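Student: Okay, sequence plus prediction incoming.
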There are 4 protein chains.
Amino acid sequence: MSKLNIGLIGAGRIGQVHAATIAYRVASAQLAAVTDPIASAAQAVASKFRIPNIAAHYSDIIADPNIDAVLICTPTDTHAEIIQAAAAAGKHIFCEKPVALDLAQTDAAVNAAERAGVKLQLGFNRRFDANYARARQAVTSGEIGQLRTLHLISRDPAPPPISYVKVSGGIFLDMTIHDWDMARFLTGSEIVEVYVQGGVMVDSAIGDAGDIDTHVTLLRFANGVIGTVDNCRQAVYGYDQRVELFGSKGAINTQNNYPNNSVLSTADSVHRDLPLNFFMTRYTEAYAAEIEAFVASVVNDTPVAVSGQDGRAALLVGLAAKQSYLEGKPVRLTR
Amino acid sequence: MSKLNIGLIGAGRIGQVHAATIAYRVASAQLAAVTDPIASAAQAVASKFRIPNIAAHYSDIIADPNIDAVLICTPTDTHAEIIQAAAAAGKHIFCEKPVALDLAQTDAAVNAAERAGVKLQLGFNRRFDANYARARQAVTSGEIGQLRTLHLISRDPAPPPISYVKVSGGIFLDMTIHDWDMARFLTGSEIVEVYVQGGVMVDSAIGDAGDIDTHVTLLRFANGVIGTVDNCRQAVYGYDQRVELFGSKGAINTQNNYPNNSVLSTADSVHRDLPLNFFMTRYTEAYAAEIEAFVASVVNDTPVAVSGQDGRAALLVGLAAKQSYLEGKPVRLTR
Amino acid sequence: MSKLNIGLIGAGRIGQVHAATIAYRVASAQLAAVTDPIASAAQAVASKFRIPNIAAHYSDIIADPNIDAVLICTPTDTHAEIIQAAAAAGKHIFCEKPVALDLAQTDAAVNAAERAGVKLQLGFNRRFDANYARARQAVTSGEIGQLRTLHLISRDPAPPPISYVKVSGGIFLDMTIHDWDMARFLTGSEIVEVYVQGGVMVDSAIGDAGDIDTHVTLLRFANGVIGTVDNCRQAVYGYDQRVELFGSKGAINTQNNYPNNSVLSTADSVHRDLPLNFFMTRYTEAYAAEIEAFVASVVNDTPVAVSGQDGRAALLVGLAAKQSYLEGKPVRLTR
Amino acid sequence: MSKLNIGLIGAGRIGQVHAATIAYRVASAQLAAVTDPIASAAQAVASKFRIPNIAAHYSDIIADPNIDAVLICTPTDTHAEIIQAAAAAGKHIFCEKPVALDLAQTDAAVNAAERAGVKLQLGFNRRFDANYARARQAVTSGEIGQLRTLHLISRDPAPPPISYVKVSGGIFLDMTIHDWDMARFLTGSEIVEVYVQGGVMVDSAIGDAGDIDTHVTLLRFANGVIGTVDNCRQAVYGYDQRVELFGSKGAINTQNNYPNNSVLSTADSVHRDLPLNFFMTRYTEAYAAEIEAFVASVVNDTPVAVSGQDGRAALLVGLAAKQSYLEGKPVRLTR
């Protein structure tokens, strides 16, 4: 069987991560073309991963009949447009999250892919992480019985540059988008109400940029489960990524990942080194696994693990959370 | 110096715990009298702890000029009355929580003690627990910097009898009362808003009795900290008592207490025995420490560790939570 | 039923611990007399625990027909003599470890008790500790299958005074005596060979006093199990008391005990406070449990949990270890 | 700068692991040729990793002037011969452990490489593992002060086939060889005495094949440190790989690695999934890191991390351990 030909659109940091996965870990696919507005970036990636074709523009990749699927690793404001173009050309699509920062563009893109009958998988990488996957398994296997409550903690080691904050769409669409997806994924249910308490606790410049940096949001799910999300742009001890699921037969708590499992006892304390503090290191395996899953979905024509509708649903929660924060009251979600 | 003479009012389970503390751990005090509506209970305690005087009624103890202080270990609906009587007689008072289930009675009792100039300490034993005390220390010492968020987990191993549920005042005043106090104690700030999500997830009979068994409540504090409380009447793995405090310089997470610290690795899993599942075993040391602190406050004439106002404040939060649950919206607290 | 009358011989640190157990935790026994060469010590203990009779000499206690049993909490060099005297008078005996530092005295004492038909329990308190008891249970229950190897770690927080080192009998009879007993207890088998590697690593003054402060000893048991003991007179992080048992169906590892179960994450590390570092705090419950067990053995006329033969066996291993160290070769034990 | 040309000798399991490292993780090197007695194996590896040249015999690779270095991934009994041939041809050499099962062949190979002035690095992969590396760092950094004792645990999940046991050289040269190296690496000192206690506890067929499956060995090091190695061919809970280092300023304990960091609490226990149980999964990163280090040593002409002398030293300890076991007494090492 011939290999799936992949076109890489966007040769930045995350584009390179996915390129490495295709090149080194996925036997059934190969990188056939790459493009990036910065030509040198495209060339570097092409050279490193032996990609035969450097395209001047993403439309050249989409127009290429040899290309079976594309990986969209460009800035968020280009996602919807590229998805629609790729869908129109019948290409299967893996796209980084979020599809867009508003519902209209998101729907346009997601609907385009559905109409075209192409696969569209979104980059909610945490679903593929061993800890979160184990937590989900504890629910689906019945190990912890009927789920009652959920607590998600996601804290970044340090805030992004203010320039990024300004175009990020705000914490609820940029950072918490992962937690909205995790909440849906782990409970297997839709969020029906959100109530946000938040503020600027890390850096007043984030407030000046019109965003907040810390929030705790109370969630209600369609299946009756109650949950919380705790987000902060800064945790001095590292990248804090945990969840607790509590049910009628037990609970599961994930712990952070560490660079090593050594414990030191000295005259001061019993201690270990700090958790991993870079998201690409923390989620190395999850990034690879999501691409492997995408290729498998295309090759085997099976449903993708994270659909466009999943992206739309997470966006809806993010928009409701934003509204809750601005209005200072609980917001019920409508679909 | 002569010993402080203590009168024990109520010889039930918790009364016996406090009697043992006075008898065995507090050199500066002694049990001088005991009373209980069940005469045999009073006699048994008197015999076990060599208490010289068995009183027919609590008023006899309060009338006894030899008695310096009383421990009120009777049902909640008698607390306010006994506090007022004891205060009027100039006795120092340790009283189990809560003072009462309504504000008027609570104020009457708390104010009576204040007017009389006697000590009134309430039985919020968790403040004296090594884990929670260490968490508070992490805040006051500056170890974790400026506090940002708080997450309290308190889950009972099994629900109480339905007969108890009916007279308990409801989960927010009975069970969560400890968490309201912990939240205030750990943050050093007042709760200014509560929003409850809750329901009946454990046993429909609890719902039939007019109560719920599970809730997660989102809190806002006067100092800007955001918090949550997760309460459930049933955790199959034991008595789940934990808190996470997150601040600008770090975080502290308390873990449960276990009957032993042995870890077993077998072909199935790496595991340890379940956490302690009885509140009296879990908080043995805290119960002793609160009585030691009360006696020290009386002997040294220093402020009590948990005041009547602390009891009033926790009650206010509980009432607001009840209102939030019934009305389905956030409730701001007024004082 | 009347209470067992106990005579306390030796009112020092450990004597007071046992007195508290009898006074506060053992309903079926009472302290009837106390003696100590330092009269003020005896008086203080008598006053604190309301002991009616202060004897001038231990022989007065032994001669007292009201006394049923004695607790021998005197210096080691007096144990054998007192045991023999008490046995001759038909008193049941709890004696701190070791019986004596040589075999002849040990045998004389142990045999005297056996001939007299009185109970003789030795103070190997660790058998009653929750962690070690759980480890033993993992063997007897079959949870870890057929035992293969054993690793005992026992490290003191700091070395004793040199004056004590000089009269202690040396590390193998003073400190390691607990590990010899634990090794026998946990495996349920006799040690048949020892080989010691050790030296002076903590303080040269210990070497000047004719002792060593650190050793690792390789053990062979009659049932084929292989074990090690690691002892050091100084661990800067606290009192290090652990064991690993490895068998055909699994392993059990005990961990140290801590003053609290809180974990701090800061910019430096993820850490917790140091383990308990005082043996009386670490083994508080074990000290109480061994006295409860002794009283129960006497009251119910059941075998003691730690016999004179157990003391003899541990001494034999200690003497063999000493020989192994001095001769620099493995020593097989004969009985 | 042109890339280092690597010849892969042996296309089996570990050869493929190293091939992947060169292909995917080492920018400064490339696979130029591969050989394997099983032609299809060589072809499969060549195809997967795009290796341009499939050699019929290792001597063809060694004779190829384009080849700069070889990776020897063949059975142990061919190592010494290939090392000598490669050294004679001026190729740098990475060779799996051990060089040989006897000292004469080992010396011939190691000396040949030294005389030829080529790099010779041996495959003691554990030195590159994050846990063991952190343990070594705790020594070299002074964090735990002057080292006193060392305890190595290495247990396989299941014994190898009896056919392998027969040609393995025995547990001391096959399995424990890693521990001898770790012991030297972690202490930074030579082993001067070994005393073995061991036996057949897992499978009598191992005994029938002339080997044992379990041992604990007591070690003395030149710098005075005392250590133990606990080896077993079977641990039902997985691949057990830990070390404890204890020193004057503290201790470090490494823990096993797990497939996830999730903890489950149910009505039975608080538990987590079993540790990783396959050496290639457990040491994935270490295998990659050792090859990266080898290439860096060649490219930068710096000393290798694990020398031929390290291999010789580990072999000497293994031979002494074998002698100790057979003779039933401690064996001092001579060099």
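Tutor: All right, it came through fine. Numbers count the residues shown, from 1 in each chain, chains lettered A, B, ... in the order given.

Student: Count the neighbours of residue A:332 for me.
Tutor: 11 (other C-beta atoms under 10 Å in any protein chain shown). Every residue, glycine included, has its C-beta placed from N, CA and C.

Student: Next up, the contacts around the residue nearest to it when sequence neighbours are not counted.
Tutor: Excluding the flanking residues, the one nearest residue A:332 by C-beta to C-beta, 6 or more residues apart in numbering or on different chains is residue A:193, at 5.0 Å. Residue A:193 makes contacts with A:219, A:220, A:330, A:331, A:332, A:333, B:197, as judged by C-beta atoms under 8 Å, 6 or more residues apart in numbering or on different chains.

Student: again, but for residue A:89
Tutor: Per C-beta under 8 Å, 6+ apart, neighbours of residue A:89: A:62, A:63.

Student: phi, psi of the residue nearest to residue A:289 when sequence neighbours are not counted?
Tutor: Nearest-residue entry for residue A:289: residue A:128, 3.8 Å, with adjacent residues in sequence omitted and distances by C-beta to C-beta, 6+ apart. Reported as degrees, to the nearest 10, the phi and psi values for residue A:128 are phi -100, psi 0.

Student: Tell me the residues of chain A that contact chain D?
Tutor: A:20, A:23-24, A:27, A:48, A:130-131, A:133-135, A:138, A:143-144, A:249-257, A:259-267, A:273 (C-beta under 8 Å from any C-beta of the partner chain).

Student: Make a PyMOL selection of the buried ones in those.
Tutor: To isolate the buried members of the residues of chain A next to chain D in PyMOL, using 16 or more other C-beta atoms under 10 Å in any protein chain shown:
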select buried, chain A and resi 20+23+130+131+133+134+135+138+143+144+249+250+251+252+253+254+256+257+259+260+261+262+263+264+265+266+273
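
Student: Can you tell me which of the residues of chain A next to chain D end up in helices?
Tutor: A:20, A:23, A:24, A:48, A:130, A:131, A:133, A:134, A:135, A:138 (DSSP state H).

Student: can I get these in JSON lines with distance to residue D:173 and pLDDT?
Tutor: Below are these laid out as JSON lines (distance: C-beta to C-beta, whole Å; pLDDT from 0 to 100):
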{"residue": "A:20", "distance to residue D:173": "39", "pLDDT": "95"}
{"residue": "A:23", "distance to residue D:173": "39", "pLDDT": "92"}
{"residue": "A:24", "distance to residue D:173": "35", "pLDDT": "91"}
{"residue": "A:48", "distance to residue D:173": "42", "pLDDT": "92"}
{"residue": "A:130", "distance to residue D:173": "36", "pLDDT": "98"}
{"residue": "A:131", "distance to residue D:173": "39", "pLDDT": "98"}
{"residue": "A:133", "distance to residue D:173": "41", "pLDDT": "98"}
{"residue": "A:134", "distance to residue D:173": "39", "pLDDT": "98"}
{"residue": "A:135", "distance to residue D:173": "44", "pLDDT": "98"}
{"residue": "A:138", "distance to residue D:173": "44", "pLDDT": "98"}
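
Student: I'd guess residue A:277 is in a strand, am I close?
Tutor: No: Residue A:277: not assigned to a strand; according to DSSP: H, G, I helix; E, B strand; the rest coil it is coil.

Student: List the residues that contact it.
Tutor: Residue A:277 touches A:157, A:238, A:239, counting by C-beta under 8 Å, 6+ apart.

Student: pretty sure residue A:35 contacts residue A:62?
Tutor: No: the pair residue A:35 / residue A:62 is not scored as a contact, 9.7 Å apart, by C-beta atoms under 8 Å.

Student: which residues are common contacts for those two?
Tutor: Contacts common to residue A:35 and residue A:62, judged by C-beta under 8 Å, 6+ apart, are residue A:7.

Student: Looking at these two, which is more packed in?
Tutor: Neighbours per residue, other C-beta under 10 Å: of residue A:35 and residue A:62, the larger number sits with residue A:35, 27 against 22.

Student: So what's the residue count around residue A:13?
Tutor: 9.

Student: how close does the closest residue to it other than its chain neighbours sit to residue A:161?
Tutor: Distance criterion C-beta to C-beta, 6+ apart; nearest residue to residue A:13, sequence neighbours excluded, is residue A:280 at 7.4 Å. Distance check for residue A:280 against residue A:161: by C-beta to C-beta, to the nearest Å, it reads 17 Å.
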